[in-house]
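The following block contains a protein sequence and its predicted model.
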Amino acid sequence: MANIKSQKKRILTNAKRQERNKAVKSELKTRVKTAVKVGVADPTAEGSDALRMAIKRLDKAATKGIIHKNQAANRKSKLMHRLAKAAAGAQ
């Protein structure tokens, strides 16, 4: 355990950030999974809403520094590719 007061405070703030980041990353996974599931089943309005929300959350996480901006771009690209592949397979 740290003896320095500022380091003790830093440990507490790091723990808070870690919890917040874990929650955001978990939400990102859930949003992407939902977008894929809904997008494959229903490529109309509800599917596009789930996709839009997933992209919005990815961009927001990148802006806040929770994930890197290139990681957000890669995840969005992968998501769009999966949806396009599913849409092509449905036709």
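Nice, thanks for sending it over.

Please count neighbours and contacts with C-alpha atoms only from this point.
OK.

residues contacting the most centrally placed residue in the chain?
Nearest to the centroid of the C-alpha atoms of the chain, with distances taken as C-alpha atoms, centre = their mean, sits residue 28, at 2.6 Å. By C-alpha atoms under 8 Å, 6 or more residues apart in numbering, the contact set of residue 28 is 54, 57-58.

how distant is stretch 29-46 from the center of its chain?
14 Å (C-alpha atoms, centre = their mean, to the nearest Å).

ditto for stretch 10-27
The answer for stretch 10-27 is 15 Å, by C-alpha atoms, centre = their mean.

Equivalent analysis for stretch 21-36, please.
5 Å.

mean confidence score for that stretch?
The pLDDT scores in stretch 21-36 average 95.

for the contacts of residue 28, which one is nearest residue 82?
Nearest to residue 82 among those, counting by C-alpha to C-alpha, is residue 54 at 13.5 Å.

How about that closest one, nearest residue that isn't a chain neighbour?
Distances taken as C-alpha to C-alpha, 6 or more residues apart in numbering place residue 31 nearest to residue 54, at 5.0 Å, with adjacent residues excluded.

For that neighbour, grab the count of nearby residues.
Neighbourhood size, residue 31 [other C-alpha atoms under 10 Å]: 21.

cool, and residue 50?
Neighbours of residue 50 using other C-alpha under 10 Å come to 20.
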